[in-house]
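[1] kindly return the folded structure for what I paste below:
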Amino acid sequence: MDNNDGVIESALSLTHDSADVRKARGAFFTPAQIAQYLARWAVRSPNDRVLEPSAGDAAFLVAATHRLRELGADPAARPSVDGVEIHAASAAVARARVNEAGGRPRIRVGDFFEVDPRPGYTAVIGNPPYIRYQDFRGDLRAMSRMAALRGGVALSALASSWAAFTVHAAQFLRDGGRLALVLPGELLSVNYAGPIRGFLFERFRSIELVLFDEQVFPEVEADVVLLLADGYNQGPSAHVTLRRAQNAKSLSAPLPEEHWVPDDPSGKWVSGLIGGGPVDCLQSIVGAGHFATLDQWGDTTLGMVTGNNGYFVLSRTRVRELGLRPTDVIRLSPPGSSHLRGLVLSNEALARLESVGKAVYLFRPSGDLSPAAKRYVAFGREAGTHTAYKCRVRSPWYLVPLLKPADLLLTCMNADTPRLVTNRAKAHHLNSVHGVYLRQDLRRAGKDLLPLAALNSATLLSAEIVGRSYGGGILKIEPREADRWLVPSPSFIESRANALRAVRRRVADLLRRGQLMSAVALVDEALALDGCVGSVEELRSMQAARDSLAMRRMTRSRSGR
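    A predicted model of the protein is given here:
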């Protein structure tokens, strides 16, 4: 073992840095192939000044050191590279690794958001920490949002840590500098990243994105993209260049590319993955009045939040055990959405769920408490249920705020596609699904035909664009995203009502057998969708685009197992 190896071993012995500890601070160390790829792109001269804002174990600083030496940096002088790392033991490892690579590390231990930006760097490269907004709180969140604001970007309170980090990192670049970062796929798809997308497009002369078919970080389910932004303060960009790689190893080969121009730089960039043709088709059927956003039908809202489903959500057997009266409970669509795969939630369907032990009742006493309800409230207090946040901020703690039964239920976490289901049972719903409250003048048509008509290829593609890829390959859609979801318009459904009713029974049967795409083909035919989009070929291009986006999120899920 030489001296440098000893330093590394010593530093590693100090870390005691488990995967859980690294995850808490958003640290996921980068595969060498990715660090090398970004360093080779960003570092182009032996005189480049390089900064890694979240150095970790110095994967990028080591790659940058090798690149500087390859370009002709004086070996005797040992090229300098700069970094910031919040974790002292990781900083010690980073220094040792850069020394071993032949570089001179200048790594500051501290929080990157506390470092004032000085625009002197040619290249800023790295893998920003990824901390979801739920865990990104207090002074750190406030400091990060202020750092982004100094860069001219106002971030939502829902933003995860990487968003502010990206803006702050760019401010360390000199004019014309290059930003090369590993970012979550959220860059393309989430609403809160809109200001980041706009910032990048406006500030940089060119933007490239590398997307992976497989997951490249085995520790996390979220997918990533590589951002290569060139020409700081020389924007705006003319287009976005998209490159595709199967995995990190394939970065060593030339990657196919295509150019894409977003209609709105701050809007979602998911459409850039499928080319302009299918997106143009969607826009054409909206322009022709055949399709409209869901918010033109009514309002989509979150479901009820109990604070403790284990206490408040009850099966028939449990209701009988407790001796609760009918006035102590209300009928409920059970938690989850696996039972909402058809067109209708009927009283008969709810009764079948009840008969197999599903929790179809919500403890929600009305009027004076019955003796059994009093006992159950006392039991809840003894168990500490009243101390849960949602319980303690309402009075009395045991009364869950009611929403009236929705006209339609919308599944929000889907392995295939969001489903609209007519709530014929008039059941209440929890926040595991959304409720759609139709406009009064559209209630009859909406309840009768919208769930059926929404099972078409255009609506399935729109769901992939407005929704977001979640852990495990799930497609998640929030109410604000559902508002922009394209479904057949009221006038179009009215014009195709007879054809839709003619296929309803066959579609329902296919859904019962789990044959979603066969059902979609029937609805496409009933809507004469090929004629709406222009031709059979254009309809097929939309179907292929939807399949591509769906397969992408599912493939990444499988490859990360």
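[2] ok, now which ones touch residue 309?
    335, 359, 430 (CB atoms under 8 Å, 6 or more residues apart in numbering). Backbone N, C-alpha and C define where each C-beta goes, glycine included.
[3] let's have these in a markdown table, adding pLDDT, neighbour count and distance to residue 203.
    Formatted as a markdown table, those follow (pLDDT from 0 to 100; neighbours: other CB atoms under 10 Å; distance: CB to CB, whole Å):
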| residue | pLDDT | neighbour count | distance to residue 203 |
| --- | --- | --- | --- |
| 335 | 96 | 19 | 45 |
| 359 | 97 | 22 | 51 |
| 430 | 97 | 22 | 43 |
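[4] next step: those residues restricted to helices.
    Using DSSP state H, no member of those falls within helices.
[5] and residue 122, that's in a helix?
    No - going by DSSP: H, G, I helix; E, B strand; the rest coil, the assignment for residue 122 is strand, not a helix.
[6] which residue is the nearest non-sequential neighbour of it?
    residue 48 (4.1 Å; CB to CB, 6 or more residues apart in numbering).
[7] output the contacts of residue 309 as TSV; include the columns distance to residue 264.
    Listed next are the contacts of residue 309 as TSV, based on distance: CB to CB, whole Å:
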residue	distance to residue 264
335	37
359	43
430	34
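[8] can you tell me which of the residues you listed lies closest to residue 437?
    For the contacts of residue 309, the minimum distance to residue 437 (CB to CB) is 16.1 Å, reached by residue 430.
[9] ok, the closest one - contacts?
    Counted by CB under 8 Å, 6+ apart, residue 430 has contacts 303-306, 309, 313, 332-333, 335, 362.
[10] what's the pLDDT at residue 137?
    pLDDT for residue 137: 50.
[11] I misspoke; the intended subject was residue 387.
    Reported pLDDT for residue 387: 95.
[12] state the distance from it to residue 373.
    Per CB to CB, to the nearest Å, residue 387 is found 20 Å from residue 373.
[13] again with residue 522
    48 Å.
[14] between the two, which one's more packed in?
    residue 373 (23 against 20; other CB atoms under 10 Å).
[15] hmm, residue 316 is touching residue 354, no?
    Yes - under the criterion of CB atoms under 8 Å, residue 316 is in contact with residue 354, at a separation of 5.1 Å.
[16] what touches both of those two?
    residue 360.
[17] quick one: low-confidence parts of this protein?
    Where the chain drops to pLDDT under 70, the residues are 1-29, 73, 130-141, 218-222, 471, 555-561.
[18] which elements pack onto the longest strand seen in it?
    If you go by DSSP state E, the chain has its longest strand at strand 173-184. Helices and strands touching strand 173-184, as assessed by 3 or more CB pairs under 8 Å, 6 or more residues apart in numbering; DSSP states H and E, comprise helix 32-42, strand 121-126, helix 161-170, strand 224-232.
[19] now the angle from the longest one to strand 224-232?
    On the basis of axes from the mean of the first three to the mean of the last three CA atoms, to 10 degrees, helix 32-42 is oriented at 10 degrees to strand 224-232.
[20] ok, then the element right after helix 32-42?
    Following helix 32-42 in sequence order, the next helix or strand is strand 50-52 (DSSP states H and E).
[21] and the residue nearest to residue 122, what are its phi and psi?
    phi -60, psi 140 (degrees, to the nearest 10).
[22] test my guess that it contacts residue 123.
    Yes - in this structure residue 48 lies within contact range of residue 123 using CB under 8 Å: 5.6 Å.
[23] what sits in contact with each of those two?
    Common neighbours of residue 48 and residue 123 (CB under 8 Å, 6+ apart) are residue 42.
[24] which of the two has more residues huddled nearby?
    The neighbour comparison of residue 48 against residue 123 (other CB under 10 Å) goes to residue 123, with 28 against 20.
[25] residues in contact with residue 550?
    416-417, 464, 475.
[26] among these, who's most crowded?
    residue 464 (26 neighbours).
[27] for the residue nearest the centre of the chain, which non-adjacent residue is closest in space?
    Closest residue to the average C-alpha location of the chain: residue 468 at 4.3 Å, with CA atoms, centre = their mean. Once flanking residues are discounted, residue 468 sits nearest to residue 189: 4.6 Å by CB to CB, 6+ apart.
[28] now the one you found: how far from residue 414?
    15 Å.
[29] follow-up on the earlier one: quick one: the residue nearest to residue 122 from residue 366, how far?
    On the measure of CB to CB, residue 48 and residue 366 end up 71 Å apart.
[30] mind listing what the residue nearest to residue 469 when sequence neighbours are not counted touches?
    Closest residue to residue 469 apart from its sequence neighbours, by CB to CB, 6+ apart: residue 553 at 4.0 Å. Residue 553 sits next to 223, 469, 473-475 when contact means CB under 8 Å, 6+ apart.
[31] which of the residues in whichever strand or helix holds residue 82 are buried?
    Per DSSP H and E: residue 82 is located in strand 80-85. By neighbour count on 16 or more other CB atoms under 10 Å, the buried set for strand 80-85 is 81-85.
[32] how distant is that strand from the center of its chain?
    The chain centroid and the centroid of strand 80-85 are separated by 31 Å, computed with CA atoms, centre = their mean, to the nearest Å.
[33] what's the answer for stretch 191-208, then?
    The answer for stretch 191-208 is 18 Å, by CA atoms, centre = their mean.
[34] same thing with stretch 445-462?
    On CA atoms, centre = their mean, the centre of stretch 445-462 falls 23 Å from that of its chain.
[35] export only the CA atoms of it, formatted as PDB.
    Output of stretch 445-462 as PDB, limited to C-alpha atoms (Å, rounded to 0.1, in the frame of the first residue of the first chain):
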ATOM      1  CA  ALA A 445     -73.200  13.300 -19.900                       C
ATOM      2  CA  GLY A 446     -70.100  13.200 -17.700                       C
ATOM      3  CA  LYS A 447     -71.400  10.500 -15.400                       C
ATOM      4  CA  ASP A 448     -72.800   8.500 -18.300                       C
ATOM      5  CA  LEU A 449     -70.100   8.600 -20.900                       C
ATOM      6  CA  LEU A 450     -66.900  10.500 -19.800                       C
ATOM      7  CA  PRO A 451     -65.200   7.500 -18.100                       C
ATOM      8  CA  LEU A 452     -65.800   5.400 -21.200                       C
ATOM      9  CA  ALA A 453     -64.800   8.000 -23.700                       C
ATOM     10  CA  ALA A 454     -61.600   8.800 -21.700                       C
ATOM     11  CA  LEU A 455     -60.300   5.300 -22.500                       C
ATOM     12  CA  ASN A 456     -58.800   6.400 -25.800                       C
ATOM     13  CA  SER A 457     -55.300   6.700 -27.200                       C
ATOM     14  CA  ALA A 458     -55.100  10.500 -27.200                       C
ATOM     15  CA  THR A 459     -56.100  10.700 -23.500                       C
ATOM     16  CA  LEU A 460     -53.700   7.900 -22.600                       C
ATOM     17  CA  LEU A 461     -50.900   9.800 -24.300                       C
ATOM     18  CA  SER A 462     -51.900  13.100 -22.600                       C
END
